[in-house]
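In: sequence first, predicted coordinates after that:
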Amino acid sequence: MATMSDHERACELREQGESARRANDLRAAKKSYEEAVALLRNSPDKLKFAHAVRHLGDVYVQLQDWSRAEPCFVEALNIYRSQPEARVLDFANAIRGFAVLKDKTGKPEESSGLWAEAGRMYQAEGVQAGIEECSRHTGQPK
């Protein structure tokens with residue numbers, strides 16, 4: 001019987017993390033995403049790693065583990081900024097997550113620019129919910 005590759009296992013763990021988040025089981029989500037990130041860290045698929053580490057950052061925000069959340073967003077954003085083939089929506093979602101973190105940690109001056117940047121990306125993609133959320137945070141019209 002063939003064994004599962006690290007990449008396949010990481011994808012499975014990411015799906016488990018997403019399911020756990022939907023069920024509001026943040027501890028299980030954290031565990032799944034942490035394992036997926038560890039497996040993908042040295043993967044040639046940098047965008048898959050960026051997606052997983054961004055989701056881990058989101059979970060850390062939900063758990064109010066600010067010091068562990070920030071490096072996740074920084075790492076994901078560095079990858080998205082360096083990969084021209086990155087999906088705009090994935091990039092926007094990572095910026096949005098970082099903006100949420102900055103808001104929750106009392107850094108509105110840092111979050112404002114992030115909300116504006118994410119809003120432009122959501123606008124380009126036609127994602128109305130994202131446009132509206134960013135507009136609420138920046139005070140800009142929709």
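Out: Done, it's in.

In: and this protein, what are its domain boundaries?
Out: 1-65, 87-142 (automatic domain parsing).

In: low-confidence ranges, this protein, go.
Out: For the chain, the stretches with pLDDT under 70 are 1-4, 140-142.

In: about what we covered before: would you turn the domains of the chain into CSV with distance to residue 81 and mean neighbour count?
Out: Where you see a C-beta, it was placed from the backbone N, CA and C, and this is true even at glycine. Converted to CSV, the domains of the chain look like this (distance: least, C-beta to C-beta, whole Å; neighbours: other C-beta atoms under 10 Å):
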stretch, distance to residue 81, mean neighbour count
domain 1-65, 10, 17
domain 87-142, 8, 18
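
In: just send those domains back as a markdown table, with distance to residue 79 too.
Out: Below are the domains of the chain laid out as a markdown table (distance: least, C-beta to C-beta, whole Å):
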| stretch | distance to residue 79 |
| --- | --- |
| domain 1-65 | 4 |
| domain 87-142 | 9 |
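
In: relative to residue 74, which of those domains is closest?
Out: domain 87-142 (7.8 Å; C-beta to C-beta).

In: can you give me the end-to-end distance of stretch 31-50?
Out: 17 Å (C-alpha to C-alpha, to the nearest Å).

In: who touches that stretch?
Out: Identification of contacts with stretch 31-50 by C-beta atoms under 8 Å, 6 or more residues apart in numbering yields 6-7, 9-11, 13-14, 16-17, 20, 52-53, 55-56, 59, 75-76, 79-80, 82-83, 85-87, 90, 94.

In: how far out from the middle of the chain is that stretch?
Out: Offset of stretch 31-50 from its chain centre (C-alpha atoms, centre = their mean, to the nearest Å): 12 Å.

In: please apply the same query to stretch 128-141.
Out: Centre to centre, stretch against its chain (C-alpha atoms, centre = their mean), the figure for stretch 128-141 is 18 Å.

In: thank you kindly, that will do.
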